[in-house]
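> Sequence first, predicted coordinates after that:
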Amino acid sequence: MTTPLYDEESSTKRPPASERAIKRLANVVVTDDMRNMDGNKMCAICFESHILGSFATRLPCQHIFCRDCIEQWLRKECSCPHCRYELPTSNPVFEASRKKRMRARPPRFTLGMLRLLRVGELTRLCETLEVDTRQCVDKNDLLRTLENSRKIKIIDKRSTSAAFVDDDAFDEDEKIAGERWTEERLRGVRAKKLKLMMKKFHLSPRGCVTKSEIIRKLVEAQNNALS
């Protein structure tokens, strides 16, 4: 089947996103960090509120939507309903100008949101932005490569080292205190490491079945220690 030509001068509508781009969109669990971003309190298509802990689909611009809503939308046109960020299409004529426009509109992240991306999501983001990852061997390499590429925009200016914290940073001398143990911070730590932290600080794992329950117990212990 031949891809229809796209005439930018005569067309006022963007072509649909490619099926590959749609299928590669990330399904995420809604966090406070996501909801606090402009336009993310509700799905801009159906106007349903995004509930903390529920599932949503995230675009490269970091706006989130109901999965069914955004898939239907993107099969009509390739742009984000909120900010008009354009996803890849199957139209070679449109793609040339789209890539040029999107270079001037890099995806936006807070450091916390960037850290919470899984390796697969980071890899797909690098592919979409045409970032070379051949020298990357782990998640921290991907994070550093993305930031150094200048193809993303960090929308908070806290120390960039906060985005690249290895799980083993929790050493034997660390105490339950300070701001390091936020729920956002602990979501980036493997469940096995979280259980070791509980054991280290003599916290009972009773009642903790999921990773979220372990995180809540650690944060509660921190709050009690600081109160």
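Ah, there it is. Nothing here was measured: the structure is a model prediction, and the numbers come from that model. Residues are numbered from 1 along each chain as shown.
> ok, now which ones touch residue 82?
Applying C-beta atoms under 8 Å, 6 or more residues apart in numbering, we find residue 82 in contact with 39, 44, 61, 63. Yep, even glycine has a C-beta here, placed from its N, CA and C like the rest.
> Looking at those, which is nearest residue 96?
residue 61 (20.4 Å; C-beta to C-beta).
> which stretches of the chain form strands?
Secondary structure of the chain (DSSP state E): strands at 26-29, 55-58, 64-65, 108-109, 153-154.
> The third one: partners in the sheet, and parallel or antiparallel?
The strands that strand 64-65 pairs with in its sheet are strand 55-58 (antiparallel) (by DSSP bridges).
> and if you look at the first one?
Note on strand 26-29: by DSSP bridges, its sheet partners are strand 55-58 (antiparallel).
> which other residues reach the partner strand?
Here strand 55-58 makes contact (C-beta under 8 Å, 6+ apart) with 25-30, 34, 43, 50, 64-67, 70-71.
> what do you get for stretch 26-33?
Residues from elsewhere that reach stretch 26-33 (C-beta under 8 Å, 6+ apart): 34, 50-58, 64, 67, 110, 112-113, 116-117, 121, 124, 184, 187.
> swap in stretch 198-213?
By C-beta under 8 Å, 6+ apart, stretch 198-213 touches 172, 176, 187, 191, 194, 195, 214, 217, 218, 221.
> For the fourth one, which non-adjacent residue is closest in space?
The reference is to residue 191. The shortest distance from residue 191 to any non-neighbouring residue, by C-beta to C-beta, 6 or more residues apart in numbering, is to residue 211 (4.6 Å).
> now residue 26: how far from residue 216?
Distance check for residue 26 against residue 216: by C-beta to C-beta, to the nearest Å, it reads 24 Å.
> Farthest-apart pair in the contacts of residue 82, please.
44 and 61 (11.6 Å).
> more neighbours, those two?
residue 61 (22 against 19; other C-beta atoms under 10 Å).
> thinking that one is in contact with residue 106, fair?
No - applying C-beta atoms under 8 Å as the test, residue 61 and residue 106 come out as separate, 9.4 Å apart.
> deepest of the strands of the chain, which one?
Across those, the average number of neighbours (mean count of other C-beta atoms under 10 Å) peaks for strand 64-65, which reaches a mean of 28.
> Run the chain-centre distance for that one.
11 Å (C-alpha atoms, centre = their mean, to the nearest Å).
> Would you map out the domains in the protein?
14-102, 106-164, 167-226 (automatic domain parsing).
> got TSV for the ones you listed, with mean pLDDT too?
Converted to TSV, the domains of the chain look like this (pLDDT from 0 to 100):
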stretch	mean pLDDT
domain 14-102	90
domain 106-164	77
domain 167-226	67
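> Who are the contact partners of residue 105?
Counting by C-beta under 8 Å, 6+ apart, residue 105 makes contact with 61, 85.
> separation between it and residue 79?
For residue 105 relative to residue 79 (C-beta to C-beta), the value is 11 Å.
> quick one: common contacting residues for the two?
In contact with both residue 105 and residue 79: residue 85, using C-beta under 8 Å, 6+ apart.
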